[in-house]
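fold the following.
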Amino acid sequence: MRQFLLVIISFVSIFLTSCRNDFEFENQTVGLEFSKDTVYLDTVFTNIGSSTYTLKVYNRSNKNIKIPQIRLARGLESKYRMTVDGMVGNNRIFENVEMLAKDSMYIFIEVTADVAAANPSDFLYTDQILFGQGNLEQKVELVTLIQDAYFLYPQRFDDGTTETLPIGEEEIFGFYLDENDPTNGNELIWNASKPYVIYGYAAVPPNKTLTVNAGARIHFHAESGLLVANNASIKVNGMPSTNPNDPFENNVIFQGDRLEPFYKNIPGQWGTIWLTQGSKENEFTNCIIKNGIVGLLVTGNTGLNNSTPDVTLRNVQIYDHSNVGLLARTGVIKGENVVINTAGQAALACSYGGKYNFNHSTFNNNWPSSRQFSVLLNNYIVNAVPEEQPMVEATFTNCIIYGSNQIQMFIDKRGNGQFNYKFDHCLIKFNNINNIYTNNPLYDFTNESFYTNCLIATNSLVNNPKFLNANQNQLIIGDDSAAKGRANAIFSTFPDILNNPRNPPLDLGAYNSTLFEED
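Residues are numbered from 1 along each chain as shown. Okay, here's the model as predicted:
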């Protein structure tokens, strides 16, 4: 019996010793893993904190470790607070945090109520959670969208209904902008002092003008947009940037209200800017329109015989739209230094006739499908009344029409009505690999009535414009571009889209060619 007890005692002693060894913690010498690289906290109201968000931290190693420090990069000034493995603290440093081998822990993060006051110049507030010290320090980003902005949205009435806008025989969720709004002041003048966040469709009332000044940032919630009514106008007065570190500083930017990096190039986040029938003398200068369904929608306005365009575009960039970048239906448009890239159907669609003149513009479409175009021209809408409209003019001068598909230009004519188009000194991607268009006179590139001094790119090796990075909306052309020195000087009397002078030899497209730096 005594011998049996000695064996038991010896076994328990060995077991306890083993447990003590298992729970010895070494200083952190291995990398941690995280459930996410960036924690995005929801929009917060001024004076109201956020919900609580979770980050999971993993020790994948076979070692029990002590993390020397877990802290917020902003320290005592941070407007975040966090709970680390049950330990609560606003801004203090959590030291020697223990983690077992193959174990994990939770960190809970929230934003304090005074976050808006901490960052009055922007409505993004950021910080970092730092783990470890020295060479093993790791970080997780924290991003919060602050509601320190002008919020424009339809009124909610006492009976529970909300304000709507009449569109033909239907109504949409929207409202008219008010130049005497008690909360936002003059809603018809948008400045750069704070961003504008739009819910529903904001409409410029008849006989009024919306002025959008340099540096303004306009953000649309899902299924929202901007509408310019009959006899109304919009004047977008962006300016070239003078800051070499921020080429868009003075541009006006229209985009969605999701600012996390993941959404940077995601199409379809909001509706459109709609220049409706009868809107007039609209102007967009030095602006960017991105991430909507249709970037700019122009529907037959002042009449095809009017010498004043429905809309004038100068130095305008339109990127990443799920349907069309610029869609015109019997529109009258003049464009200089227009850049449109990536859309689900067409970068530029001049449909149902109209009158169009584009000079030194770049149209590219890298949408991953086989039936997308950079430029589409047609003169009809099925079942419309009338079904056809005259294409009075479609002139493209010193332009680049390119993309990832074999054929990037589609001309679709019906009937015997007026259909005038001209491509003068343009680079056009058109690889007729199946000979579908061989005998189609619309694509007779030898006919100088339609095509003058044009370069036809039949594949990526022939007449390639050599964009810097089309997938990242960088359509600057390289020094070895086929578009270099091929422009018609008569129509090159204004600076490029970056406000650089155009010096001989003059280049096609919106940008002067440049020598790219090696990575």
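
so, low pLDDT: which residues of the chain?
Across the chain, residues meeting the criterion (pLDDT under 70) sit at 1-23, 29, 42-51, 89-91, 113, 116-123, 147-148, 259-260, 301-306, 518-519.

how far is the longest strand along the chain from where the chain is centred?
As assigned by DSSP state E, the longest strand anywhere in the chain is strand 324-343. What separates the centre of strand 324-343 from the centre of its chain is 16 Å, taken as CA atoms, centre = their mean, to the nearest Å.

quick one: list the elements packing against that strand.
If you count contacts as 3 or more CB pairs under 8 Å, 6 or more residues apart in numbering; DSSP states H and E, strand 324-343 packs onto strand 294-299, strand 311-321, strand 346-359, strand 362-365. For glycine as for every other residue, the C-beta is placed from the backbone atoms N, C-alpha and C.

now the residue lying closest to residue 181 once chain neighbours are set aside: phi and psi?
Take residue 181 and drop its neighbours on the chain: the residue closest to it by CB to CB, 6 or more residues apart in numbering is residue 187, 5.1 Å away. Dihedral pair for residue 187: phi -80, psi 0, per degrees, to the nearest 10.

OK, contacts around residue 187?
Residue 187 makes contact with 152, 177, 178, 179, 181, 202 under the criterion CB atoms under 8 Å, 6 or more residues apart in numbering.

distance of the third one from residue 237?
The one in question is residue 178. The gap separating residue 178 from residue 237 is 21 Å, by CB to CB, to the nearest Å.

cool, the fifth one as well?
Taking CB to CB as the criterion, residue 181 is separated from residue 237 by 21 Å.

before we move on, what about the first one?
Separation of residue 152 from residue 237 (CB to CB) stands at 19 Å.

phi, psi of the residue lying closest to residue 400 once chain neighbours are set aside?
With sequence-adjacent residues excluded and distances taken as CB to CB, 6+ apart, residue 400 is closest to residue 509, at 4.1 Å. Residue 509 adopts backbone torsions of phi 90, psi -180, taken as degrees, to the nearest 10.

residue 509: neighbour count?
Residues within reach of residue 509, counting by other CB atoms under 10 Å, total 32.

quick thing: my sequence starts at 59, can you match it?
With 59 as the first residue, the last one maps to residue 567.

check contacts around it.
Counted by CB under 8 Å, 6+ apart, residue 567 has contacts 418, 419, 420, 456, 457, 458, 485, 523, 533, 535, 541.

same thing with residue 558?
residue 570.

what's the answer for residue 570, then?
Residue 570 touches 554, 556, 558, 560, 561, counting by CB under 8 Å, 6+ apart.

what is the nearest of the residues you listed to residue 120?
Checking the contacts of residue 570 against residue 120 by CB to CB gives residue 556 as the nearest, at 55.0 Å.

that closest one against residue 309, yeah?
No: contact criterion CB atoms under 8 Å: residue 556 and residue 309 do not qualify, at 11.0 Å.

more neighbours: these two, which one.
residue 309 (23 against 15).

contacting residues for that one?
By CB under 8 Å, 6+ apart, the contact set of residue 309 is 272, 273, 296, 297, 299, 344, 345, 346.

tell me the one of the contacts of residue 570 nearest residue 166?
Nearest to residue 166 among the contacts of residue 570, with distances taken as CB to CB, is residue 556, at 45.8 Å.

what distance do you get for that closest one to residue 488?
Counting by CB to CB, the separation of residue 556 from residue 488 is 28 Å.

returning to what we had before: and residue 239 and residue 295? Which one has more around it.
Higher neighbour count among residue 239 and residue 295: residue 295, with 18 against 13, using other CB under 10 Å.

quickly list what that one is bridged to.
residue 271, residue 343 (DSSP bridges).

distance of it from residue 342?
Here the criterion is CB to CB. By it, residue 295 lies 9 Å from residue 342.

please enumerate the strands of the stretch 159-308 of the chain.
161-169, 182-189, 196-204, 208-210, 222-225, 228-234, 247-248, 254-256, 259-262, 267-271, 275-278, 283-286, 291-295 (DSSP state E, counting those that start in this stretch).

contacts for the shortest one?
With contacts defined as CB under 8 Å, 6+ apart, strand 247-248 is touched by 208, 237, 254, 268, 269, 270, 271, 274, 276.

mind listing the strands that strand pairs with, and their directions?
Assessed with DSSP bridges, strand 247-248 is paired to strand 267-271 (parallel).

same check, this time on the third one
According to DSSP bridges, strand 196-204 has the following sheet partners: strand 96-102 (parallel), strand 182-189 (antiparallel).

contact partners for residue 517?
residue 489.

ok, it to residue 192 distance?
52 Å.

stretch 256-271: how far from the chain's middle?
On CA atoms, centre = their mean, the centre of stretch 256-271 falls 21 Å from that of its chain.

equivalent analysis for stretch 445-454, please.
Its chain's C-alpha centre and that of stretch 445-454 lie 30 Å apart, by CA atoms, centre = their mean.

contact partners of it?
Against stretch 445-454 from outside (CB under 8 Å, 6+ apart): 358, 362-363, 388, 408, 410-416, 419, 433, 435, 437-439, 471-473, 475-482, 484.

which among these end up buried?
358, 362, 388, 408, 410-416, 419, 433, 435, 437-439, 471, 477, 479-482, 484 (16 or more other CB atoms under 10 Å).

now do the closest residue to residue 158 other than its chain neighbours against residue 157, distance only.
Excluding the flanking residues, the one nearest residue 158 by CB to CB, 6+ apart is residue 122, at 5.3 Å. Per CB to CB, residue 122 is found 7 Å from residue 157.

between the two, who's got more neighbours?
Using other CB under 10 Å, the more surrounded residue of residue 122 and residue 157 is residue 157, with 21 against 18.

wait, the more buried one sits on residue 128?
No: judged on CB under 8 Å, residue 157 makes no contact with residue 128 at a distance of 10.6 Å.

who's the spatially closest residue to residue 184 that is not a sequence neighbour bridged to?
With sequence-adjacent residues excluded and distances taken as CB to CB, 6+ apart, residue 184 is closest to residue 201, at 5.3 Å. Beta bridges link residue 201 to residue 98, residue 184 when assigned by DSSP bridges.

before we move on, what about residue 468?
As for beta bridges, residue 468 partners with residue 434 under DSSP bridges.

now do the contacts for it.
So residue 468 contacts 404, 431, 433, 434, 435 (CB under 8 Å, 6+ apart).

turn those into JSON lines, columns for distance to residue 281.
Formatted as JSON lines, these follow (distance: CB to CB, whole Å):
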{"residue": "404", "distance to residue 281": "22"}
{"residue": "431", "distance to residue 281": "26"}
{"residue": "433", "distance to residue 281": "28"}
{"residue": "434", "distance to residue 281": "25"}
{"residue": "435", "distance to residue 281": "30"}
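
can you tell me which of the residues you listed is closest to residue 492?
Looking across the contacts of residue 468 and measuring by CB to CB, the closest to residue 492 is residue 431, at 16.1 Å.

wait, the closest one sits on residue 423?
Yes: using CB under 8 Å, residue 431 is in contact with residue 423, at 6.3 Å.

which residues are common contacts for the two?
404, 405, 461, 463, 466.

what about the last one, how many neighbours?
A count of nearby residues for residue 466, using other CB under 10 Å, gives 25.
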